[in-house]
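A.B. asks: the amino acid sequence is not available; the structure is as follows:
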């Protein structure tokens with residue numbers, strides 16, 4: 001069974017491979033891609049695999065953009081951290097999804113559905129529209145519960161300058177303090193207003209109002225000067241640089 005994995009988090013891709021082996025799923029991994037751009041190029045240049053595991057949020061955008069640029073003649077199992085009630089459209093035709101963190105039982109069920117299905121492998125445009133419609137963002141929250149001492153306090157989202165992940169811990173920084181946030185960077189970013197916050201790389205989110213200066217950086221990236229940096233460097237990943245500049249212009 002030939003598969004490809006489209007996932008922008010190395011740890012998540014490795015965990016998926018380990019779980020597939022634990023499920024006794026016999027497969028040959030053809031490639032792992034972490035961007036929309038790389039996935040489009042791969043499918044343009046290679047024969048379709050037997051199965052695709054595809055994360056929704058990639059380093060340079062939503063994976064649904066791939067289907068707008070290239071046909072994928074293979075079954076898709078999406079992986080996502082989005083709440084299950086927001087993605088009921090995935091239960092359509094041959095499309096399935098796994099909610100992160102992926103559980104072995106859910107993976108087994110998805111694989112079983114795949115092996116037994118006789119439905120068309122191609123994602124139907126109507127199904128794709130349902131998927132896109134289901135991703136409409138819920139109202140963004142205005143408050144954030146953070147740890148302080150042995151308890152919790154609430155801060156205003158508008159006070160956040162940036163957030164970052166370090167040693168699997170998510171921190172939020174204001175002009176005066178640093179807090180521990182009991183969420184992953186991806187979970188936190190999903191709840192923020194994307195007109196005001198940008199996930200510049202896998203481990204950092206910045207508020208537009210906190211950006212003081214943008215300088216060129218090697219390998220076609222840019223480096224940001226941020227208020228109250230606390231020994232952090234803020235470098236926009238190469239796949240996101242162009243989109244980041246557009247975001248700053250809005």
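C.D. replies: Yep, it's here. This is a predicted model, so every value here is computed, not measured. Numbers count the residues shown, from 1 in each chain.

A.B. asks: lowest-confidence helix or strand of the chain?
C.D. replies: Least confident helix or strand of the chain, by mean pLDDT, DSSP states H and E, is helix 125-134 with a mean of 61.

A.B. asks: domain ranges for this protein, per the record?
C.D. replies: With domains defined by automatic domain parsing, the chain comprises 2-134, 143-248.

A.B. asks: does residue 213 really touch residue 225, like I thought?
C.D. replies: Yes - between residue 213 and residue 225 there is a contact under Cβ atoms under 8 Å: 3.9 Å. C-beta coordinates here come from the backbone N, C-alpha and C atoms, glycine included.

A.B. asks: those two: which has the busier surroundings?
C.D. replies: Using other Cβ atoms under 10 Å as the criterion, residue 213 and residue 225 rank with residue 225 on top: 12 against 8.

A.B. asks: name the helix or strand for that one, please.
C.D. replies: Using DSSP states H and E, residue 225 maps to strand 221-226.

A.B. asks: which helices and strands does the following helix or strand past that strand pack with?
C.D. replies: Counting by DSSP H and E, the element after strand 221-226 in chain order, helix or strand, is strand 234-236. With contacts defined as 3 or more Cβ pairs under 8 Å, 6 or more residues apart in numbering; DSSP states H and E, strand 234-236 has these neighbours: strand 197-201, strand 221-226.

A.B. asks: please produce CSV containing those, extended by mean pLDDT and distance to residue 233.
C.D. replies: Output for the helices and strands packed on strand 234-236, formatted as CSV (pLDDT from 0 to 100; distance: least, Cβ to Cβ, whole Å):
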stretch, mean pLDDT, distance to residue 233
strand 197-201, 96, 10
strand 221-226, 96, 7
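
A.B. asks: got TSV for those strands, with distance to residue 71 too?
C.D. replies: Formatted as TSV, the helices and strands packed on strand 234-236 follow (distance: least, Cβ to Cβ, whole Å):
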stretch	distance to residue 71
strand 197-201	29
strand 221-226	32
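
A.B. asks: ranking those by burial, who's on top?
C.D. replies: Mean neighbours per residue, mean count of other Cβ atoms under 10 Å, is largest over these for strand 197-201, with a mean of 22.

A.B. asks: now for that strand, which elements pack on it?
C.D. replies: Short answer (3+ Cβ pairs under 8 Å, 6+ apart): strand 197-201 packs on helix 185-190, strand 204-207, strand 234-236, helix 238-248.

A.B. asks: in stretch 240-250, which residues are buried?
C.D. replies: 240, 241, 244 (16 or more other Cβ atoms under 10 Å).

A.B. asks: stretch 176-195 now?
C.D. replies: Buried, per 16+ other Cβ under 10 Å, within stretch 176-195: 179, 181, 183, 184, 185, 186, 188, 189, 190, 192.

A.B. asks: quick one: low-confidence ranges for the chain?
C.D. replies: Filtered on pLDDT under 70, the chain yields the residue ranges 82-96, 117-139.

A.B. asks: how about the helices in it?
C.D. replies: Under the criterion DSSP state H, the chain carries helices at the ranges 10-22, 36-45, 64-67, 104-116, 125-134, 185-190, 238-248.

A.B. asks: need the ones you listed in a markdown table (columns: distance to residue 219).
C.D. replies: Shown next, in a markdown table, are the helices of the chain (distance: least, Cβ to Cβ, whole Å):
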| stretch | distance to residue 219 |
| --- | --- |
| helix 10-22 | 19 |
| helix 36-45 | 15 |
| helix 64-67 | 23 |
| helix 104-116 | 36 |
| helix 125-134 | 32 |
| helix 185-190 | 22 |
| helix 238-248 | 6 |
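
A.B. asks: nearest to residue 168, of those?
C.D. replies: Of all the helices of the chain, helix 10-22 sits nearest to residue 168, with 9.4 Å by Cβ to Cβ.
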